[in-house]
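Undergrad: pasting the structure only:
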């Protein structure tokens, strides 16, 4: 039986990211759906990372398309809560550019509402392209609604109990985490959590390593698990700021990577979490996320 993750073909199709016919190169759209919901049945910041990362690199790449480039760092800031019925329009502009580095600004809107803003730090790498990019285009995406969202969490459950039930599989991780081949595996007394993800070929970029947006989704979803672990009963949370840096790209050959999340500040209204992604002992990436707690 083919699993949800095995049915995915590439990061753009998996995250319903594409471009309308005739639209400028520096624009993309994303059609949200239930496939991108988390363990609470909600659309959260991790669902937007592929859109943000890919668009954040386009203006810099097209400034010198003879050399491959990638993102070294992403910084995202969100405000409004999104829904499974939303369509997102995104645009990017090259703010600064040098011979080897640049910085791109990204804006993501829902109708007239600005829902996410931020920057991508770009770097030229000159790596060979492993995929056939002849005539490569991004079609207009279709809503990702092949799997239902999970039921809302019982609001009376404290975060520690939700984390424990995710670990023992009495609560589902939700479609997005399943897509990423992920699961929460550890919840510690100090508030830290550990998540694991299984890499897959569909996660690759044009250079054959993991797409930065997929790495960011894994890091951000792990930070979301960190916030869930530390939230009080009858209290929700939302990731509102997220910054990640890419050190090395995971190989997408089915190996497992783990993300360790540590609370930096646990506050009544705002908590901050650090996350590190590892392949064995090798550090692949780091992230920091701010979670706003409902009061």
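TA: Nice, I can see it. Quantities reported herein were computed from a predicted structural model and do not represent experimental measurements.
Undergrad: surely residue 197 meets residue 254?
TA: No: contact criterion Cβ atoms under 8 Å: residue 197 and residue 254 do not qualify, at 11.1 Å. Where you see a C-beta, it was placed from the backbone N, CA and C, and this is true even at glycine.
Undergrad: Please, where are all the helices along the stretch 51-200 of the chain?
TA: In the stretch 51-200 of the chain, the segments counted as helices under DSSP state H, counting those that start in this stretch are 159-167, 175-179.
Undergrad: coming back round to it: and residue 197 and residue 254? which has more neighbours close in?
TA: Higher neighbour count among residue 197 and residue 254: residue 197, with 27 against 10, using other Cβ atoms under 10 Å.
Undergrad: who touches the more buried one in this structure?
TA: 180, 181, 182, 218, 256, 257, 258, 259 (Cβ atoms under 8 Å, 6 or more residues apart in numbering).
Undergrad: and if we set it to 6 Å?
TA: Going by Cβ atoms under 6 Å, 6 or more residues apart in numbering, residue 197 touches 180, 181, 182, 218, 257.
Undergrad: just residue 103 next, same as before
TA: The neighbours of residue 103, taking Cβ under 6 Å, 6+ apart as the test, are 95, 96, 119, 121.
Undergrad: Quickly list what the third one is bridged to.
TA: Beta-bridge pairing of residue 119 under DSSP bridges involves residue 75, residue 105.
Undergrad: Pull the number of nearby residues for it.
TA: By the measure other Cβ under 10 Å, the count of residues near residue 119 is 21.
Undergrad: Surely it touches residue 75?
TA: Yes: using Cβ atoms under 6 Å, residue 119 is in contact with residue 75, at 5.1 Å.
Undergrad: Check the residue positioned nearest the centre of the chain and give its pLDDT.
TA: In the chain, the centroid-proximal residue (Cα atoms, centre = their mean) is residue 217; its distance is 2.1 Å. Predicted confidence (pLDDT) for residue 217: 98.
Undergrad: in the stretch 1-150 of the chain, which spans are strands?
TA: Along the stretch 1-150 of the chain, counting by DSSP state E, counting those that start in this stretch, strands occupy 17-18, 27-31, 69-78, 87-97, 101-110, 113-124.
Undergrad: Kindly reformat the ones you listed as CSV containing distance to residue 294 and mean pLDDT.
TA: Shown next, in CSV, are the strands of the stretch 1-150 of the chain (distance: least, Cβ to Cβ, whole Å; pLDDT from 0 to 100):
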stretch, distance to residue 294, mean pLDDT
strand 17-18, 29, 94
strand 27-31, 26, 96
strand 69-78, 15, 92
strand 87-97, 24, 94
strand 101-110, 21, 96
strand 113-124, 18, 95
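Undergrad: tell me the most buried of the ones you listed?
TA: strand 17-18 (a mean of 23; mean count of other Cβ atoms under 10 Å).
Undergrad: Tell me the neighbouring strands of it, and mark each as parallel or antiparallel.
TA: Counting by DSSP bridges, the strands paired with strand 17-18 are strand 27-31 (antiparallel).
Undergrad: which residues touch the partner strand?
TA: With contact meaning Cβ under 6 Å, 6+ apart, strand 27-31 is reached by 16, 17, 19, 51, 55, 87, 88, 89, 90, 91, 141, 143.
Undergrad: Residue 39: how many residues sit nearby?
TA: A count of neighbours around residue 39, defined by other Cβ under 10 Å, yields 26.
Undergrad: Check residue 41 too.
TA: When neighbours are defined as other Cβ under 10 Å, residue 41 has 17 of them.
Undergrad: Sketch out the low-pLDDT regions of the chain for me.
TA: 1-6, 66, 127-137 (pLDDT under 70).
Undergrad: go with 80
TA: For the chain, applying pLDDT under 80 flags the ranges 1-7, 25, 64-69, 126-139, 206-207, 295.
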